[in-house]
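Enquirer: for reference, the sequence and a predicted model appear below.
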Amino acid sequence: MGIFERYLSIWVALAIATGVALGSIAPRLFEVISKLEFAGVNAVVAVLIWLMVYPMMLKVDPSCLRDVGRKPKGLALTLVINWLLKPFSMAALGVLFFDHLFAGFVPEADARQYIAGMILLGVAPCTAMVFVWSHLTDGDANYTLLQVSLNDLILVFAFAPLAGLLLGVTDIEVPWMTLVASVVIFVVLPLAAGLLTHKALPKSDGANAIEALAGKLKPTSMMALLLTVVLLFGFQAETILEQPGRVALIAIPLLLQSYGIFALSYGAARVLKLPFDIAAPAAMIGTSNFFELAVAVAISLFGLSSGAALATVVGVLIEVPVMLSLVAFANRTRGWFDPNSSPTTT
């Protein structure tokens with residue numbers, strides 16, 4: 001890896017600091033950017049995520065997609081973690097911390113809101129960013145696409161019932177336009193662009209040409225990641241600076257959930273003897289969150305300044321640092337799955 005990727009964690013830390021600083025110095029700028037959206041999806045963030053995802057989609061070989069279904073264990077692991085475990089463990093942690101452990105530090109009304117926000121994060125597993133984490137761990141692009149596609153299909157039907165069950169309501173309003181637009185923008189369009197690129201390249205040297213193009217675009221992809229971090233932290237700079245104590249309290253159970261889910265998924269993948277390029281993305285999908293959907297639903301149900309919205313925002317704040325630490329861990333433990341491979345660092 002080059003120096004940029006090797007020290008990516010440091011660049012992300014600098015991007016976080018830059019975002020908070022710019023958000024406090026020039027809040028008007030971020031207010032203007034935040035209004036550039038369609039169906040609840042911010043247009044600027046969408047472009048940046050698209051730039052992150054497209055180089056990974058280039059590596060998807062459509063001829064191989066029909067074969068990945070012959071490896072069902074990775075798919076089964078993803079589905080069990082995402083839909084039978086993660087939503088309920090997140091709800092349980094929320095109740096444990098805010099109804100009991102933090103009961104003396106947070107008013108009851110706020111505590112209920114924080115639990116609601118955590119639940120919304122728990123029932124929204126990752127869609128777009130998982131391609132970034134898969135790419136950084138040399139994941140199987142075709143298999144990752146299949147995992148994400150199946151996850152998205154279930155998300156369409158399972159999000160509202162699960163959220164309603166765990167929130168204790170029956171009339172939860174899901175922003176379907178946000179959900180559909182996010183899937184189209186973050187998955188369908190970059191995949192289509194990648195497939196069209198495959199067709200446009202000469203068949204005689206297609207594989208080498210794809211690798212060369214992906215290599216040229218990698219710096220753009222990483223820069224888009226850093227700019228996304230700057231924007232997300234800039235949007236929430238005021239909240240971070242004005243309520244650091246509440247942010248820290250919310251972050252504690254979210255961190256336990258993230259690292260706990262990853263440990264369980266990664267451990268199960270090792271027991272199932274999955275190859276590393278399937279095991280790592282499978283664990284990342286379960287650990288990461290579809291924060292665009294969670295934030296949109298929290299604002300729709302409880303309001304922009306609600307505790308539920310704050311909890312989903314804290315989920316956004318810890319997402320990139322946590323996932324980068326897990327990417328680094330996965331790369332260093334590659335030998336657990338592929339004994340003949342050398343560990344890498346991120």
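Expert: Okay, I see it. Residues are numbered from 1 along each chain as shown.

Enquirer: switch to C-alpha atoms for all contacts and neighbour counts from now on
Expert: Noted.

Enquirer: any idea how many residues pack against Gln243?
Expert: Number of residues near Gln243 (other C-alpha atoms under 10 Å) recorded here: 11.

Enquirer: now Leu274
Expert: Counted with other C-alpha under 10 Å, residues neighbouring Leu274 total 19.

Enquirer: just checking, it touches Leu75?
Expert: No - using C-alpha atoms under 8 Å, Leu274 and Leu75 do not qualify as a contacting pair, with a distance of 10.8 Å.

Enquirer: where's the closest residue to Ala13 other than its chain neighbours, which helix or strand?
Expert: Beyond its immediate neighbours in the sequence, the residue positioned closest to Ala13 (C-alpha to C-alpha, 6 or more residues apart in numbering) is Pro321, lying 7.8 Å away. With elements delineated by DSSP states H and E, Pro321 resides in helix 307-332, which encompasses its position.

Enquirer: return the set of buried residues in that helix.
Expert: By neighbour count, and taking 16 or more other C-alpha atoms under 10 Å as the criterion, the buried residues in helix 307-332 are 307-317, 319-324, 326-332.

Enquirer: same question for stretch 211-230.
Expert: Neighbour-count burial for stretch 211-230, with 16+ other C-alpha under 10 Å as criterion, is recorded at 214, 217-218, 220-230.

Enquirer: over to stretch 262-272?
Expert: By 16+ other C-alpha under 10 Å, the buried positions in stretch 262-272 come out as 262, 265-266, 268-270.

Enquirer: from the residues you listed, which land in strands?
Expert: When DSSP state E defines the strands, the subset of the buried residues of stretch 262-272 inside them is empty.

Enquirer: now those in a markdown table, with pLDDT and distance to Phe302?
Expert: Formatted as a markdown table, the buried residues of stretch 262-272 follow (pLDDT from 0 to 100; distance: C-alpha to C-alpha, whole Å):
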| residue | pLDDT | distance to Phe302 |
| --- | --- | --- |
| Phe262 | 95 | 29 |
| Ser265 | 94 | 32 |
| Tyr266 | 95 | 35 |
| Ala268 | 95 | 36 |
| Ala269 | 94 | 37 |
| Arg270 | 93 | 40 |
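
Enquirer: hmm, back to that, tell me the least confident of the buried residues of stretch 211-230?
Expert: Lowest pLDDT of those: Ala214, 72.

Enquirer: wait, doesn't that residue sit right on Met57?
Expert: No - counting by C-alpha under 8 Å, Ala214 does not reach Met57; the two are 9.3 Å apart.

Enquirer: for Ser337, phi and psi?
Expert: Let me fix one detail, which is that residue 337 is Phe and not Ser. Phi and psi for Phe337, reported as degrees, to the nearest 10, are phi -110, psi -40.

Enquirer: can you pull out the strands in this structure?
Expert: Shown for the chain, the strands assigned by DSSP E span residues 37-38, 41-42.

Enquirer: quick one: mean pLDDT for the helix holding Pro321?
Expert: Helix 307-332 shows a mean pLDDT of 86.

Enquirer: put together a markdown table for the buried residues of stretch 262-272, with distance to Ile81 on each row.
Expert: Listed next are the buried residues of stretch 262-272 as a markdown table, based on distance: C-alpha to C-alpha, whole Å:
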| residue | distance to Ile81 |
| --- | --- |
| Phe262 | 10 |
| Ser265 | 7 |
| Tyr266 | 11 |
| Ala268 | 10 |
| Ala269 | 11 |
| Arg270 | 15 |
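
Enquirer: and which of those residues is nearest to Ile49?
Expert: For Ile49, the nearest member of the buried residues of stretch 262-272 is Phe262. The distance, counting by C-alpha to C-alpha, is 22.9 Å.

Enquirer: thought Arg334 was touching Phe276?
Expert: Yes - with contact defined as C-alpha under 8 Å, Arg334 reaches Phe276; the gap is 6.3 Å.

Enquirer: more crowded one of these two?
Expert: A side-by-side neighbour count of Arg334 and Phe276, using other C-alpha under 10 Å, places Phe276 first with 26 against 21.

Enquirer: gap between the spatially closest residue to that one that is not a sequence neighbour and Ala330?
Expert: By the measure of C-alpha to C-alpha, 6+ apart, the closest residue to Phe276 outside its immediate chain neighbours is Phe337, 5.3 Å from it. With distances defined as C-alpha to C-alpha, to the nearest Å, the gap from Phe337 to Ala330 amounts to 10 Å.

Enquirer: looking at the protein, which helix is longest?
Expert: For the chain, the helix with the greatest residue count under DSSP state H is helix 206-235.

Enquirer: and the gap between Ile119 and Asn82?
Expert: Between Ile119 and Asn82 the distance, using C-alpha to C-alpha, works out to 13 Å.
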